[in-house]
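Novice: Quick check, what structure comes out for this input:
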Amino acid sequence: MASRSPGVFQRYRWRELGLFIIPFIILLVAMTQLLLADADPRSSLSVKNLPTVQGLIPVLGLIAGLIAVNVIMSIFFRKADQMLLPLVGLLSSIGVLMATRLGPDIGIPSLGSQQLLWVLLGLAFCLITIFVLRNINWLERYKYTWAFISFLVLLPSVISGIRSFHTNAPARDILNFGPLHLQPSEFLKISIVIFFAAYLSENRDMIAQGHLRLGPLRLPPLRQLGPLVVMLAMALLIFLVVHELGLALLIYSLFLCMTYLASSKLSYVISSLAIFVLLAFVGYSLLGYVRSRFAVVSVNVVNWTPASEQLYQEQGGAGQIVQGLIALASGGILGSGLGLGHPGGPGFVPVVESDMILTALGEELGLAGLFAIFGIYLLIIYRGYRIAIEASDPFNQLLAAGLTSIFAIQTLIISAGNLKFMPLTGIPLPFLSYGGSSILANYIIIGILLRISYNTARERDGTA
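Specialist: Just a heads-up that it's a prediction; the model follows:
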């Protein structure tokens, strides 16, 4: 007797839809709270003062977009991972809410609508990625093309950095296409991970064995080591010329993570970290840009001194970090409430909508809210690494692990910068910081991860 194919209701991604209910409820409740916070405090609460449907349009638009993606995934890719999109949708929802809340304070009333548009475009890019990448392994065949694309994407920033080499400010990493302003470095991280995954999966045996002796270390042969050194030189180029410490840290950290995953050799990581410390010391000694960043980290916020005041008043000094720490401290455990804090506006946290979004969340959602947000990131990282573990071949495993590591490293770098544990960089907090390029690049990564999980599930069921 022939087996019957599952019906429509059995094929639907009910688990994903059920998990979407959580961000939907949070969106509606938080948007209502935000609108009530903006209402006239002198008026009494009544049915007439409740938010209108028109005020909830940004939230309803995002809910409609997420439901549409759920339906499309149920029709075409029902076997893909069902937890990633709800988690990402929850973070994106919080990002849209915070952009809506901060927009009027920083003089951009349409900031929330702009962020919503970027999230909807990101969801579209995610679906396009899943449809286009029917066979992930074709990315592996063009690894040197991806390396060339990485250099090409970085070229505008390098040229801008050379022109402003003697300044302490990072180079302008923006490409203008009419009304659109894209940040190429956000797409650079994807091409670099593809190159690392393809190259390391092809040469993993030679890299793991290590035939070249250098003192106590056993390194890969020069033929296998050369391309990796060239890609690391890119990170050094970013550090020295572009003055973008965050991007250099991201590339170097990705190299360490993926090299260890491919070779299981801790000695490679330790030796690379030793080289990094040496280069950091040289950079600190030669570059005023690096010294000024570390001086901000060393500012004493508790015992205020004349030196602290001078650093606080300097342009590009400690003012941004100090204001951010004050915002975090004022939030306490439970926060002031959405719309009831003062993270934006003149005299408060500069660039709060992107670089310092964590401080705004900490002020209004409190320490408990930040712990919840970090928990969501941990779940995304867990699902990404699980997709990597279940993948059927080394390239897909390294690709999924490398792309997931991007979220982990970026979150660590920008969070540590906001909390004054390390120098602040311009890396955005994934899915929460305002910025179109970041949103699009992150959703492309989610699309690749979902495609890998879908292909793995089909191979496991024998339907590939």
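Novice: Now the strand or helix carrying Gly122: buried residues?
Specialist: With elements taken from DSSP states H and E, the one containing Gly122 is helix 111-132. By neighbour count with 16 or more other C-beta atoms under 10 Å, helix 111-132 contains the buried residues 111-120, 122-127, 129-130. Where C-beta positions appear, they are placed from N, C-alpha and C, glycine not excepted.
Novice: Show me the strands in the chain, by range?
Specialist: Taking DSSP state E as the test, the strands found in the chain are 175-177, 180-182, 212-214, 217-219.
Novice: In contact with the spatially closest residue to Tyr434 that is not a sequence neighbour, which residues?
Specialist: In space, and not counting its chain neighbours, Tyr434 is closest to Glu353: 4.3 Å by C-beta to C-beta, 6 or more residues apart in numbering. For Glu353, the contact set (C-beta atoms under 8 Å, 6 or more residues apart in numbering) comprises Met98, Ala99, Leu102, Gly103, Ile106, Ile108, Leu111, Gly344, Ala360, Ser433, Tyr434.
Novice: for Glu353, phi and psi?
Specialist: The main-chain torsion angles of Glu353 are listed as degrees, to the nearest 10 and equal phi -80, psi -20.
Novice: Just the contacts of Glu353: which are in helices?
Specialist: If you go by DSSP state H, the contacts of Glu353 have Met98, Ala99, Leu102, Leu111, Ala360 in helices.
Novice: Contacts for stretch 90-100 next, please.
Specialist: Judged by C-beta under 8 Å, 6+ apart, the contacts made with stretch 90-100 from elsewhere in the structure are 22-23, 26-27, 30-31, 34, 58-59, 62, 111-116, 119, 122, 338, 353, 357, 360-361, 373, 376-377, 380, 430-434, 439.
Novice: Filter those down to the buried ones.
Specialist: When neighbours are counted using 16+ other C-beta under 10 Å, those contain these buried positions: 23, 27, 30-31, 34, 58-59, 62, 111-116, 119, 122, 338, 353, 357, 360-361, 373, 376-377, 380, 430-434, 439.
Novice: if I look at Leu338, how far off is Leu36?
Specialist: To Leu36, Leu338 is 10 Å away according to C-beta to C-beta, to the nearest Å.
Novice: before we move on, the earlier item: lowest-confidence one in the contacts of Glu353?
Specialist: For the contacts of Glu353, the least confidently modelled position is Gly344, at 70, judged by pLDDT.
Novice: isn't it right next to Leu111, touching?
Specialist: No: Gly344 lies out of contact with Leu111 (C-beta atoms under 8 Å); the separation is 9.8 Å.
Novice: what residues do those two have in common as contacts?
Specialist: Leu102, Glu353.
Novice: thinking again about what came up before, any chance of the ones in helices among the contacts of Glu353 in CSV, plus distance to Ser92?
Specialist: Putting the ones in helices among the contacts of Glu353 into CSV (distance: C-beta to C-beta, whole Å) gives the following:
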residue, distance to Ser92
Met98, 11
Ala99, 10
Leu102, 16
Leu111, 15
Ala360, 16
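Novice: Out of those residues, which is nearest to Tyr142?
Specialist: Of all the ones in helices among the contacts of Glu353, Tyr142 sits closest to Ala99, with 36.4 Å by C-beta to C-beta.
Novice: Could you measure from the closest one over to Phe131?
Specialist: Taking C-beta to C-beta as the measure, Ala99 falls 28 Å from Phe131.
Novice: Where does pLDDT dip in the chain?
Specialist: Counting by pLDDT under 70, the chain has low-confidence residues at 1-10, 38-55, 157-158, 160-181, 205-225, 235-236, 239-240, 242, 345-347, 463-464.
Novice: Tell me how it divides into domains.
Specialist: Recorded structural domains for the chain (assignment: automatic domain parsing) are 1-132+318-464, 138-286.
Novice: out of those, deepest packed?
Specialist: Mean neighbour counts were compared across these using mean count of other C-beta atoms under 10 Å; the top stretch is domain 1-132+318-464, at a mean of 19.
Novice: how about the helices in the stretch 201-350 of the chain?
Specialist: For the stretch 201-350 of the chain, the helices identified by DSSP state H, counting those that start in this stretch occupy 204-209, 222-237, 245-263, 266-286, 288-297, 306-313, 319-331, in order along the chain.
Novice: Tell me which of those lies nearest to Thr425.
Specialist: Closest approach to Thr425 among the helices of the stretch 201-350 of the chain is made by helix 245-263 (2.7 Å; C-beta to C-beta).
Novice: Surely Ala198 is in contact with Leu139?
Specialist: Yes: at 6.8 Å, Ala198 and Leu139 qualify as touching, with contact defined as C-beta under 8 Å.
Novice: Identify the contacts common to those two.
Specialist: With contacts taken as C-beta under 8 Å, 6+ apart, Ala198 and Leu139 have Trp146, Phe395 as neighbours in common.
Novice: could you list every residue that touches Thr404?
Specialist: Thr404 sits in contact with Ile380, Ile381, Gly384, Tyr385, Ile387, Ala388, Leu449, where contact means C-beta under 8 Å, 6+ apart.
Novice: Need these in a markdown table (columns: distance to Gly288).
Specialist: Rendered in a markdown table, the data for these read as follows (distance: C-beta to C-beta, whole Å):
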| residue | distance to Gly288 |
| --- | --- |
| Ile380 | 37 |
| Ile381 | 36 |
| Gly384 | 38 |
| Tyr385 | 39 |
| Ile387 | 43 |
| Ala388 | 41 |
| Leu449 | 40 |
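Novice: From those residues, pick the one nearest Gly246.
Specialist: Ile381 (18.8 Å).
Novice: how much space is there between that closest one and Ala388?
Specialist: Looking at Ile381 against Ala388, where the rule is C-beta to C-beta, the gap reads 11 Å.
Novice: so who does the residue nearest the centre of the chain touch?
Specialist: What sits nearest the mean C-alpha location of the chain, by C-alpha atoms, centre = their mean, is Pro430, with 2.9 Å. Residues near Pro430 by C-beta under 8 Å, 6+ apart: Leu91, Tyr377, Ile406, Phe407, Gln410, Thr411, Ser438, Asn442.
Novice: nearest residue to the first one other than its sequence neighbours?
Specialist: Taking C-beta to C-beta, 6+ apart, and ignoring the residues beside it in sequence, Leu91 has Phe431 as its nearest neighbour in space, at 3.9 Å.
Novice: Got the phi and psi for the one you found?
Specialist: Dihedral angles phi and psi of Phe431 (degrees, to the nearest 10) take the values phi 70, psi -10.
Novice: Take the domains of the chain and lay them out in TSV including distance to Asn300.
Specialist: Converted to TSV, those look like this (distance: least, C-beta to C-beta, whole Å):
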stretch	distance to Asn300
domain 1-132+318-464	10
domain 138-286	20
